[in-house]
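**Q** structure, please.
(one chain, ligands or ions: 2)
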Amino acid sequence: MTADPFTLLGTAFHTPERGRLEVLEEHLFCVDAQGRIAEIQAPGHPEYTATISDARRAGRLVELGEGQFLLPGLVDLHIHAPQWPQMGKALDVPLEVWLRKYTFPLEARYADLDYARAVYADLVDNLLANGTTTALYFATVHVEASVALAETCLEKGQRALVGKVVMDDPEQCPPFYRDADAASAVSDTRRFIEAVMSLDPGERPLVQPVITPRFIPSCTDAALQGLGELAEEFGCHVQTHCSESDWAKQFVEARFGQTDAASLDGFGLLTRHTILAHSNFIDGQDMDLIKEKGAGVAHCPLSNVYFANAVFPLREALDRHMHVGLGTDISGGYSPSLFDGCRNALSASRTLQSGVHAGLPAKERGAPGEPITHQEAFWLATAGGAEALDLPTGSFRVGHEFDALLIDTKASASNIHVNGADDTLDDVFQKIVLNAARANIATVWVGGRAVVGCS
Ligand SMILES: O=c1[nH]c(=O)c2nc[nH]c2[nH]1
Ligand SMILES: [Zn+2]
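**A** Ligands and ions are numbered 1, 2, ... in the order given. Model prediction:
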């Protein structure tokens, strides 16, 4: 896809490495016709003034106003698209009950393609307005509706990785909502992969297919085996839930005599392009394995409170340099905002910091350790997620996609209050991470295309 190139002049915040905030004051971001960052010029650059005049003369200069800042677009590493109508309700029961009572009946409705198209259009509009420029989606078992989600993302300009869900075990999945058998689950996944690949066949596709066994308890061995073979054949991304709750963890260990991570690896489903949602109860050996394979974890701090009563051992995972990003986990999580995700990750990490528990016996749930910082939380929601997905987005670098948000701290209804000279730029960044809301997101670009607001 090509678009008009443009140059943006303004101050940007990003965290190119974990925990390191870089403030790019009054920089120029030159975006090419492919929507990539072709050049970044600091005020001292010899061409800086000429670049501004040339862009202005060509009508291609976008200038940020007072109180406006550029941020990288947000990466949602775990979200269930069909659960959008359920977001904000039905959180009164444990995971295994929630699936049967509320979620499977809702997801079954996506056999109706018109229903799917209507919900998905509304979802993608809302996520873009919340600043989510990249999303890793679970869809449903239905091939056509899952392809419709990919089509919707392509049409609306959201970078997306979409999975047709596989759940074929008749012992665990209801007759009204499951794959007919392992063979059709695998052949439907192949058909889905080929359909999504043909939607956007270029070198840098905006939408990509993902192999998606829901979680081990919902899949037969034959389905897991077949999906592992597809992962090898197509080299595409894989996503699943891993060690989320006591129930899910114990189910897998009773069935295979080993953990989720080890079992997934045995089926060829643990690769550099695998994202494991939750992973609350992984142990040191699992972490070594996940790290060795280069797979990533989608940390979902809000839904963990509801379904796991536990906290992902984030600090330990970060210390081991595992790939980690943030997921909203709609609708196990009730907020579509990854700014809320940052806040929830910060709260979760502070809940279990070691000092609070000093003198208490070793913890059995969650993980003590240094709490994360707001810079680390923002990194998780941007560059961390992008690195986990192996995609060139999440920070401002030459060659990266121009996936970005214009944050207006002076928007009406803003909860960000900047106090003139009392607040440094680092303070402003912290205030954005802790208080930004949809009202502050004035423009959203994905691959250089303005998909919310206008430039
Ligand atoms: O949070 C969750 N949401 C789901 O839809 C799901 N399915 C299996 N395990 C799950 N966990
Ligand atoms: Zn989930």
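**Q** count of neighbours near K431?
**A** Each residue near K431 was counted by other C-beta atoms under 10 Å, and the total is 18. C-beta here means a position set from N, CA and C on the backbone, and glycine is covered the same way.
**Q** now do F29
**A** Once other C-beta under 10 Å is used to define contacts, F29 is seen to have 22 neighbours.
**Q** wait, is K431 part of a helix?
**A** Yes. Remark: K431 belongs to a helix, assigned using DSSP: H, G, I helix; E, B strand; the rest coil.
**Q** keeping just the C-alphas, turn the helix or strand where Y115 lies into CSV.
**A** In this structure, Y115 sits in helix 113-129 according to DSSP states H and E. Output in CSV follows, covering the C-alpha atoms of helix 113-129 (Å, rounded to 0.1, in the frame of the first residue of the first chain):
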residue,chain,number,x,y,z
LEU,A,113,-21.3,-13.7,9.3
ASP,A,114,-23.5,-10.6,9.4
TYR,A,115,-23.3,-10.5,13.2
ALA,A,116,-19.5,-11.1,13.0
ARG,A,117,-19.0,-8.3,10.5
ALA,A,118,-21.0,-5.8,12.6
VAL,A,119,-19.2,-6.6,15.9
TYR,A,120,-15.8,-6.6,14.4
ALA,A,121,-16.3,-3.3,12.6
ASP,A,122,-17.3,-1.7,15.9
LEU,A,123,-14.4,-3.4,17.8
VAL,A,124,-11.7,-2.3,15.4
ASP,A,125,-12.9,1.3,15.3
ASN,A,126,-12.9,1.4,19.1
LEU,A,127,-9.5,-0.2,19.5
LEU,A,128,-7.9,2.2,17.1
ALA,A,129,-9.5,5.1,18.9
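**Q** what does the stretch 51-200 of the chain have sitting close to ligand 1?
**A** With C-beta under 6 Å from any ligand atom as the criterion, the stretch 51-200 of the chain comes near ligand 1 at residues 80, 95, 99, 103.
**Q** hmm, I typed the wrong one, I wanted the stretch 301-450 of the chain.
**A** Counting by C-beta under 6 Å from any ligand atom, the stretch 301-450 of the chain sits next to ligand 1 at 303, 307, 329, 332.
**Q** looking at the residues of the stretch 51-200 of the chain next to ligand 1, which are in strands?
**A** H80 (DSSP state E).
**Q** neighbour-wise, which one of the residues of the stretch 51-200 of the chain next to ligand 1 leads?
**A** Within those, neighbour counts (other C-beta under 10 Å) peak at H80, which reaches 26 neighbours.
**Q** ok, now which ones touch that residue?
**A** The contact partners of H80, by C-beta atoms under 8 Å, 6 or more residues apart in numbering, come to 137-138, 329-332.
**Q** D265 too?
**A** In this structure, D265 makes contact with 289, 293, judged by C-beta under 8 Å, 6+ apart.
**Q** a strand runs through it, doesn't it?
**A** No. Using three-state DSSP, the secondary structure at D265 is helix, not a strand.
**Q** report how many residues lie close to the residue of the stretch 201-350 of the chain found nearest ligand 1.
**A** Nearest residue of the stretch 201-350 of the chain to ligand 1 (C-beta to the nearest ligand atom) works out as G332 at 3.4 Å. Applying other C-beta under 10 Å, we find 31 other residues in the vicinity of G332.
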